[in-house]
Structure formats: C-alpha cells, structure tokens
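Trainee: Fold the following for me, if possible:
(chains A and B)
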Amino acid sequence: ETGVTQSPTHLIKTRGQQVTLRCSSQSGHNTVSWYQQALGQGPQFIFQYYREEENGRGNFPPRFSGLQFPNYSSELNVNALELDDSALYLCASSVGRTGGTEAFFGQGTRLTVV
Amino acid sequence: SQQGEEDPQALSIQEGENATMNCSYKTSINNLQWYRQNSGRGLVHLILIRSNEREKHSGRLRVTLDTSKKSSSLLITASRAADTASYFCATPGYSTLTFGKGTMLLVSP
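Mentor: Next up, the predicted model:
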C-alpha cells in the first residue's frame, strides 16, 4: 500500500455531466500526476502538478482540468462527460518535477459514463 | 502515443516456472521503470534501471536494459500465483511516465 489515496473508488455519471476526482499525495511528495487507463490499455498521461502549478499536459482536451492545493493534494475535473471518458483514473505522487523518479500510485477511481 | 511496447501481450505459466517479459521503446532515456498492476487497481513500482546500468536485481526480479537495442526485459523467477498481474514498462519524459500496453501474466497453481 502506498500513501496515495483516491476518492471515490467508483462513480457512475451521465453523459454531459461534470465530475471531480480527488487525490491525497504521499507525505513529502510535492508532485501529483493524473493518468487515464482505458480497459486493456496502459495508463495515458493527462497532466502533472508541481507545487500547485501545471507542469506538463498530455493530449487531453481542455474539459479535463485540475488543481493542486497547498498540502499537495489534487483534484481532476472533467466537464461535459462523454462515453469514452469511462476509464480508470489514476493519481500518482512523486518528488520533483521530472518524470524520471519513482511514482507512487493510488488505487484509482473507476468512472463509468452512461 | 505509447513509447514502450511490452511483449508478449499475455503469458500463462505454472507456479515455479520463470516468466520473461520484454519491452521496446523508441527514444533515448535516462532510466526505465517496471510496474505491476493487480486486477485493474493502482500500479506498484517494481524496479528502476538507469541508462548506465545493464542489469539489476530485486528479490525474484531481474531486469536488463540494452540501450543500443532500445529494449528491456523483466524476469520473474520461481513464479507464484500471487504474481498474477499486468506488468508495464514505463519511460520518463519531462514530466511524465509513458507506459506500454502491458503484459498480462497468469500463474496457475
């Protein structure tokens, strides 16, 4: 078990709705990254926050947005949900702003859009 | 796009046998990492190998890295049913890790 916790664990939303997913990073970690994992695929990078600022973004539309708070916890917001947004959303915390360090993942939030 | 690609996509073995998974990647890296994922849950970091290392061990895990061929392999020795999981290689970018599609390993008792 890592010290990274995500909530909720499961969520069902209707197409067009908005959703907020939450992540508490491991103690001492100042960086949070979010990934989307579709069934049978590897995780795809959404964005990263380092010390409350966005520090890199993957190929996701602007309706995917995020925040990082002073305690380094983070939120992922998705507006205007689409059926293809159904996936496992993973949060990972790490130290430092580069992608080369070990990442500690939470257990994920399973989002289903109907 | 996926930087690393694991091979095979699926592997089925008996307990006690060894399991070997391979990863190929496209661009230069300063390290490569392997992760395990149980049943669609969170990923667990297994091992990190730096570009100036050729081999690294951790318990029953042995990882090799060949930067000239842009490939890595993960060997699990004396496998157990609890090793059943998906295994991913990941390569670092500026702020991200890029994962392959993974190898699904099934270890039967």
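Trainee: give me every residue that touches the residue in chain B positioned nearest to chain A.
Mentor: Per CB to the nearest CB, residue B:95 is where chain B lies closest to chain A, at 3.1 Å. Heads up, the C-betas are built off the backbone N, CA and C, glycines and all. By CB atoms under 8 Å, 6 or more residues apart in numbering or on different chains, the residues touching residue B:95 are A:33, A:48, A:50, A:55, A:56, A:97, A:98, A:99.
Trainee: gap between the one helix or strand residue B:86 maps to and the chain center?
Mentor: Per DSSP states H and E: residue B:86 is located in strand B:85-92. Relative to the centre of its chain, strand B:85-92 is centred 5 Å away, using CA atoms, centre = their mean, to the nearest Å.
Trainee: Where does pLDDT dip in chain A?
Mentor: Applying pLDDT under 70 to chain A flags the ranges A:1-2, A:99.
Trainee: Which parts of it are strands?
Mentor: Secondary structure of chain A (DSSP state E): strands at A:5-7, A:10-13, A:19-24, A:31-37, A:44-50, A:53-57, A:64-68, A:74-78, A:87-94, A:104-105, A:109-113.
Trainee: Throw those into TSV and include distance to residue B:62, thanks.
Mentor: Formatted as TSV, the strands of chain A follow (distance: least, CB to CB, whole Å):
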stretch	distance to residue B:62
strand A:5-7	32
strand A:10-13	37
strand A:19-24	33
strand A:31-37	27
strand A:44-50	28
strand A:53-57	32
strand A:64-68	37
strand A:74-78	35
strand A:87-94	25
strand A:104-105	23
strand A:109-113	33
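Trainee: Give me the nearest residue to the residue in chain A that chain B sits nearest to, chain neighbours excluded.
Mentor: Residue nearest to chain B within chain A: residue A:56 (3.1 Å; CB to the nearest CB). Computed as CB to CB, 6 or more residues apart in numbering or on different chains, the closest residue to residue A:56 that is not its neighbour in sequence is residue B:95, at 3.1 Å.
Trainee: what's the spacing between residue B:29 and residue B:66?
Mentor: Residue B:29 is 12 Å from residue B:66, where distance means CB to CB, to the nearest Å.
Trainee: so what's the residue positioned nearest the centre of chain A up against?
Mentor: For chain A, residue A:34 is the residue whose C-alpha lies nearest the centre (CA atoms, centre = their mean; 3.0 Å). Counting by CB under 8 Å, 6+ apart, residue A:34 touches A:23, A:45, A:46, A:47, A:48, A:66, A:74, A:76, A:89, A:90, A:91, A:92.
Trainee: will you turn these into CSV that also has distance to chain B and neighbour count?
Mentor: Shown next, in CSV, are the contacts of residue A:34 (distance: CB to the nearest CB, whole Å; neighbours: other CB atoms under 10 Å in any protein chain shown):
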residue, distance to chain B, neighbour count
A:23, 11, 28
A:45, 4, 22
A:46, 9, 23
A:47, 8, 21
A:48, 4, 28
A:66, 13, 22
A:74, 14, 25
A:76, 15, 26
A:89, 11, 24
A:90, 6, 28
A:91, 9, 30
A:92, 8, 29
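Trainee: and which of these is nearest residue B:39?
Mentor: Using CB to CB, residue A:90 is the member of the contacts of residue A:34 that lies nearest residue B:39, at 13.8 Å.
Trainee: So which elements touch the helix or strand bottoming out on mean pLDDT in chain B?
Mentor: When the helices and strands of chain B are scored by mean pLDDT, DSSP states H and E, strand B:5-7 comes last with a mean of 87. Applying 3 or more CB pairs under 8 Å, 6 or more residues apart in numbering or on different chains; DSSP states H and E, we find strand B:5-7 packed against strand B:19-24, strand B:85-92.
Trainee: Lovely, talk soon.
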